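Asks: This is a predicted model, with the sequence first.
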Amino acid sequence: MSIKRFITAIFISLILSGLGLIPQEPETWQVISLDLEHVPLRQLAGLGLDILMQKERRLYIVSSPQDRMRLGEAGLPFRPELAFSGRPAAVSSSAGGGLNGDYHSYSELEADLRALEAGHPGLAKVYDIGRSLEGRSLYALKISDNVGVSEPEAQVLFLGCHHAREWISVEVPFLLGEFLLINYLTDSRVRDIVDRSEVWLVPLVNPDGLEYSIHVYRYWRKNRRDNGDGSFGVDLNRNYGYEWGYDNSGSSPTPESAVYRGPAAFSERETAAVRDLFLRSNFQALVSYHSFSQVIYYPWGYSRQPVENAERMKGLAAGMAQHILEVAGTVYRQGQSSLLSYLTNGDTTDWAFGLYGIPAYTIELEPPSEGQGGFFNAESEIRPIFNDNLPAALTLIEDCISRYVPPVSENGRAGQARRLIAREARIR
Ligand SMILES: [Zn+2]
C-alpha cells in the first residue's frame, strides 16, 4: 500500500470509529451455519449456542471464538456465513436522528416517554422502576384514567427488548402507548380501554444491551454485566425465577454463552425490576415482545409437558394470531414454546404463568426468517409491524377487562402479594 493510500485508510477509519461505525468485535463474532444432515441437533444441545434460525437443512448460529473452538473440538463442521457480517444497511441515519435511525436509542426513548407524559397529563405517567448496571433508568409507562391513582382495574403489562439486538421489540410497546394516548379523546374503543384498565409498558428492559448493539456490535443479545472471566452479559430471558437453571439445554451455566442464565435467579437488575413491578401490581396478563419469526409462544418453555388448565391462554393465543392475520394477511404461528421452538428455562412467561397463573406470551415479531431480514427490520417496517400487532394487544386488554374481579379490599390485595412473595421464596 502506498503511503498516500495508507494515510487515507487511517483517516477514513478514524472518521468511522469516531462515528461509531466500526464494530469493535467484527472478527470475533461471526454468523456460521451447520449442515444438519451431518450434525444432529442433539449433539448441539448443552453447547449454549446462540441459534438464529433453521432454514432448509442448515442451522444458523451467532458464534463467539469459544463457540467455534468447541465445535471444532467436537468435530462438528461449520461454515462462515459472510453474507451476515458487517453492519446491516437496513437502517439509515436519517429521520429519527442518531445511529439507529427511526429506532429508539435509550435517550430518545426516555425523551419520548417524558413527552407522552407531559402531553397527556392524567392519562400517562412515567415510573423509574430500577437502574441498569451502567446507570440507565428502567422506565415503565402507565396509561389509565386517573393515572396517579391505583384503581381497582385490570392491569396488563407489555415488555420489550429483553434482547438487545431485537430493536423492533422496543417500538411495538412504545407505539401501543402512543396509540392509546393519541386516540383517547376521539376513539370510543380506546377510551373504554384506558378508562377501565391500567396498561403498563416497559419498552426497553435492557438499555445497556441496546446501546451496545447500537454503538458497538449489532448482534449483541444479553445485558452488559462483566462476568469477571473476560465475558460479558447475562441472557435476561433466562434469568427469571421459575425453574431457573432447570437444565443446561434451556439455558447455559457458561458465562460467555449467549444464553447464560446468570449466577442466580433474578441476579440481574433488569429482571429484578420486572419482578418488583409485579409485586407492586396485580397484572392479569403479560406480553413480552421479541424478534424474530412471527410466532406467539406460551408456556412451558422449560418442559415439553403441556400446561394444564390453560384453555384461556391457548384460546387467547389463537385469537391473537387470527387478529394479526386479519390486519394484512401476516401469518403468526402460535403454540407452546418448548414444542414449537427449542427448550428455554428462566424466561419471563414461564415465571409469570408459573407463579401468578396469568396468560403470558412471548411474541416474536416479523420477519419470519433470517433470510427475510432477521433482526434487521427496515425503518419503513416499524409502523406496519405495529399495525399488525395492535388489534391483538387491544383484544387481550379487553379480555382482561371483561374478566376482571376487583379484590375485596386493599387488605385482601396486600395479603395476596404477601402470599405470592412467600410462594416465590420457595421456588428455586
Ligand atoms: Zn429475544
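Replies: Yep, that arrived.
Asks: helix or strand for residue 113, which one?
Replies: Assessed by DSSP states H and E, residue 113 sits inside helix 106-119.
Asks: Count residues in the vicinity of whichever residue of the stretch 301-428 of the chain sits closest to the ion, would you?
Replies: Evaluated by CB to the ion, the stretch 301-428 of the chain has residue 364 as its residue closest to the ion, separated by 7.3 Å. For the C-beta atoms, the positions are set from N, CA and C on the backbone; glycine is no exception. Residue 364 sits with 23 neighbouring residues when counted by other CB atoms under 10 Å.
Asks: what about it, which SS state?
Replies: Here residue 364 is recorded as strand under DSSP: H, G, I helix; E, B strand; the rest coil.
Asks: CA atoms only for the helix holding residue 113, dumped as CSV, please.
Replies: As requested, C-alpha coordinates have been extracted for helix 106-119 and formatted as CSV (Å, rounded to 0.1, in the frame of the first residue of the first chain):
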residue,chain,number,x,y,z
TYR,A,106,-32.1,4.8,25.2
SER,A,107,-32.1,8.6,25.4
GLU,A,108,-34.6,9.0,22.6
LEU,A,109,-37.0,6.6,24.4
GLU,A,110,-36.5,8.5,27.6
ALA,A,111,-37.4,11.8,25.9
ASP,A,112,-40.4,10.3,24.1
LEU,A,113,-41.8,8.7,27.2
ARG,A,114,-41.5,12.0,29.1
ALA,A,115,-43.2,13.8,26.1
LEU,A,116,-46.1,11.4,26.2
GLU,A,117,-46.4,12.0,30.0
ALA,A,118,-46.2,15.8,29.5
GLY,A,119,-48.7,15.7,26.6
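Asks: Pull out the buried positions in it.
Replies: Using 16 or more other CB atoms under 10 Å as the burial criterion, the residues of helix 106-119 that qualify are 106, 108, 109, 110, 112, 113, 116, 117.
Asks: now the residues you listed in TSV, with distance to the ion and pLDDT?
Replies: Putting the buried residues of helix 106-119 into TSV (distance: CB to the ion, whole Å; pLDDT from 0 to 100) gives the following:
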residue	distance to the ion	pLDDT
106	18	97
108	21	96
109	18	98
110	22	98
112	22	97
113	22	98
116	25	98
117	27	98
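Asks: Out of those, which two are the most distant from each other?
Replies: Taking CB to CB, the two most distant members of the buried residues of helix 106-119 are 106 and 117; they sit 16.8 Å apart.
Asks: I would like the residues contacting the longest helix belonging to the chain, please.
Replies: Among the elements of type helix in the chain, defined by DSSP state H, the one spanning the most residues is helix 382-403. Residues outside helix 382-403 that contact it (CB atoms under 8 Å, 6 or more residues apart in numbering): 102-103, 153-156, 158, 168, 171-172, 175-176, 179, 189, 193, 196-197, 199, 284-285, 287, 289, 316, 319-321, 323-324, 326-328, 330, 359, 363, 365-366, 377.
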